[in-house]
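>>> need the 3D shape of this:
(one chain, ligands or ions: 1)
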Amino acid sequence: MSVVTVQLGQCGNQIGPEVFSAVYEDSTGANAQTYKQCSDERFFRENSHGVLVARAVLIDMEPKVITHAIAKASGSGKWRYGGKSHFCQKQGSGNNWANGYCVHGPQHKDAVEDLVRREVERCDRLAGIFAMMSVAGGTGSGVGTYVTQCLRDTYPHSFILNHLTWPYGTGEVIVQNYNSVLTLSRLYTLSDALVVHENDTVHKICSQLMNIKHISISDVNKVIAHQLGSVLQPAYTADSPAHYSRNPIGELLSSLVCHPEYKLLNVLNIPHMSQTSLAYSAYTWPGLLKHLRQMLIANARMEEGIDWKVCVPSNRAESIRNTQMGFNRSLSNLLILRGKDVSSADIGAFKEPGLYVPWVPADGTFHMWHSPVPFSGYEKLATLVSNSQSLLNPLDNIVKKAWNMFASRAYIHQYTKFGISEEDFLESFTMLEQIISSYTHL
Ligand SMILES: Nc1nc2c(ncn2[C@@H]2O[C@H](COP(=O)(O)OP(=O)(O)OP(=O)(O)O)[C@@H](O)[C@H]2O)c(=O)[nH]1
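Predicted structure coming up:
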């Protein structure tokens with residue numbers, strides 16, 4: 001089964017190629033034929049010259065980033081984008097969600113739908129649509145939300161997974177929180193799940209774990225691509241224990257999204273290190289899993305600086321106290337282990353009932369995928385995709401900042417002039433407050 005990726009706006013079109021390169025390099029270097037075949041089928045098709053072509057559609061309102069992505073992929077001599085798989089215009093959406101959603105989206109609906117349809121028709125079987133965008137700009141967020149809505153209408157029975165990049169907290173764009181609120185509230189009803197990367201977190205991983213001195217956006221994107229690749233590459237699953245799973249998005253969703261009120265997923269990865277350190281590092285599964293579990297319960301994004309005092313509550317009363325101490329409660333977790341001796345890894349500590357809300361049946365809280373193939377040069381790599389309270393604070397911050405601006409109606413005219421009313425904003429705030437409340441009271 002194959003995944004059709006839709007890259008939207010600058011951010012989606014810069015992270016997308018890094019993801020295709022990451023999975024290409026990983027499966028080519030793996031020296032494991034069935035793994036490579038499965039990965040290729042998932043992400044690429046072959047053209048008449050035998051060259052791998054990404055199953056992707058590139059959409060932006062300005063040409064620069066798309067032109068660069070296409071040229072870079074072709075220049076790699078390894079894989080490329082389809083010759084007619086992109087759509088761009090001359091001018092971006094000016095960081096205005098309303099411009100993207102109300103103007104550019106509807107204007108170019110037919111052309112974009114046509115590109116996606118052609119890519120879907122090239123799949124023997126569609127595993128799902130993977131839409132990548134930032135929440136803070138105008139095109140990725142506004143056009144991206146509009147396109148997701150159209151895809152939901154056209155493919156009501158297909159899985160749609162959105163990958164969302166959250167803005168730096170300090171902010172490059174004054175209205176980034178407005179754009180984020182409008183994007184998140186709409187996508188929440190359209191998408192099957194939202195996989196989130198926060199730019200601040202990834203930036204810290206680059207500086208503290210990868211030891212990169214002058215961090216570029218490309219460094220940040222490589223880390224995001226590495227994490228996504230480690231989730232999306234072939235693995236054995238509970239439903240497919242003897243063959244690589246053919247339905248990665250479906251199985252991801254059935255493992256993690258047990259209730260439509262809870263769709264926010266974050267990704268943790270261990271270890272993270274620079275390419276040069278890889279050869280000199282030795283890790284054990286018990287060590288990696290102990291750190292990863294503590295990262296989960298103490299809501300730490302990296303293995304450095306984890307609070308080891310946070311522990312799993314043994315009863316409900318203690319649970320409330322522990323939440324105040326920083327305990328991160330989960331609905332469900334998916335652990336993905338790749339590399340040497342995966343079968344020897346003891347994953348029992350991730351199954352502990354105290355980690356989870358009591359109302360999810362025990363067989364729905366925890367899932368494990370594994371592959372003996374080392375991922376991207378890492379002898380052992382553990383990835384945790386988590387549906388938990390971990391995104392509660394970042395979401396709350398975005399909503400609070402947006403609300404503070406909205407209270408004085410700052411910049412609202414820029415949205416109303418394109419057709420987004422104050423009532424639309426209020427509806428979005430209400431929706432997100434509801435989600436915040438649901439996750440808070442897990
Ligand atoms: N991680 C990461 N974040 C990015 C990248 N490019 C932009 N961003 C973030 O995305 C947000 C801005 O969105 P963009 O994708 O640049 O904007 P756009 O969707 O093209 O919209 P317009 O410029 O209004 O047409 C900011 O929060 C940036 O930090 C990237 O390559 N990687």
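>>> now the helix or strand His226 falls within: buried residues?
Assigned by DSSP states H and E, His226 belongs to helix 217-232. Using 16 or more other CB atoms under 10 Å as the test for burial, helix 217-232 gives 219-232. For the C-beta atoms, the positions are set from N, CA and C on the backbone; glycine is no exception.
>>> need these in a markdown table (columns: pLDDT and distance to Ile347).
Listed next are the buried residues of helix 217-232 as a markdown table, based on pLDDT from 0 to 100; distance: CB to CB, whole Å:
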| residue | pLDDT | distance to Ile347 |
| --- | --- | --- |
| Asp219 | 96 | 31 |
| Val220 | 97 | 30 |
| Asn221 | 98 | 30 |
| Lys222 | 97 | 28 |
| Val223 | 97 | 25 |
| Ile224 | 98 | 25 |
| Ala225 | 98 | 26 |
| His226 | 97 | 22 |
| Gln227 | 97 | 19 |
| Leu228 | 98 | 22 |
| Gly229 | 97 | 21 |
| Ser230 | 97 | 16 |
| Val231 | 97 | 17 |
| Leu232 | 97 | 20 |
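>>> read off the pLDDT value for whatever residue of the stretch 251-400 of the chain ends up closest to the ligand.
Closest to the ligand within the stretch 251-400 of the chain is Ile398: 11.2 Å, counting by CB to the nearest ligand atom. pLDDT, Ile398: 95.
>>> do Glu303 as well
86.
>>> pretty sure it is in contact with Leu209, am I right?
Yes: using CB atoms under 8 Å, Glu303 is in contact with Leu209, at 7.4 Å.
>>> what touches both of those two?
Both Glu303 and Leu209 are contacted by 271-272, under the criterion CB atoms under 8 Å, 6 or more residues apart in numbering.
>>> so which bits of the stretch 201-350 of the chain are right by the ligand?
217, 220-221 (CB under 6 Å from any ligand atom).
>>> any idea how far the nearest residue to Ser74 once chain neighbours are set aside is from Ala56?
Spatial nearest neighbour of Ser74, chain neighbours left out: Arg80 (4.7 Å); criterion: CB to CB, 6 or more residues apart in numbering. Applying CB to CB, to the nearest Å, the value for Arg80 to Ala56 is 10 Å.
>>> tell me which of the two has more neighbours.
Legend: neighbour count by other CB atoms under 10 Å for Arg80 and Ala56, higher for Ala56 (28 against 21).
>>> tell me the contacts of that one?
Contacts for Ala56 were tallied using CB under 8 Å, 6+ apart; they are 4-7, 16, 20, 81-82, 85, 119.
>>> which strand residues bridge it?
Thr5 (DSSP bridges).
>>> quick one: contacts for the residue nearest to Ser74?
The contact partners of Arg80, taken as CB under 8 Å, 6+ apart, are 51-54, 70, 73-74.
>>> look up phi and psi at it.
phi -150, psi 170 (degrees, to the nearest 10).
>>> re the thing from before, now the contacts of Ala56 in a markdown table, with neighbour count and distance to the ligand?
Shown next, in a markdown table, are the contacts of Ala56 (neighbours: other CB atoms under 10 Å; distance: CB to the nearest ligand atom, whole Å):
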| residue | neighbour count | distance to the ligand |
| --- | --- | --- |
| Val4 | 27 | 20 |
| Thr5 | 23 | 15 |
| Val6 | 25 | 13 |
| Gln7 | 33 | 10 |
| Gly16 | 30 | 10 |
| Phe20 | 27 | 14 |
| Tyr81 | 24 | 17 |
| Gly82 | 19 | 21 |
| Ser85 | 22 | 18 |
| Glu119 | 23 | 20 |
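>>> just those: which are in helices?
If you go by DSSP state H, the contacts of Ala56 have 16, 20, 119 in helices.
>>> what sits closest to the first one if chain neighbours are left out?
Across the structure, with CB to CB, 6+ apart as the measure, the residue nearest Gly16 apart from its sequence neighbours is Gln7 (3.7 Å).
>>> and the last one, by the same measure?
Spatial nearest neighbour of Glu119, chain neighbours left out: Val4 (4.9 Å); criterion: CB to CB, 6+ apart.
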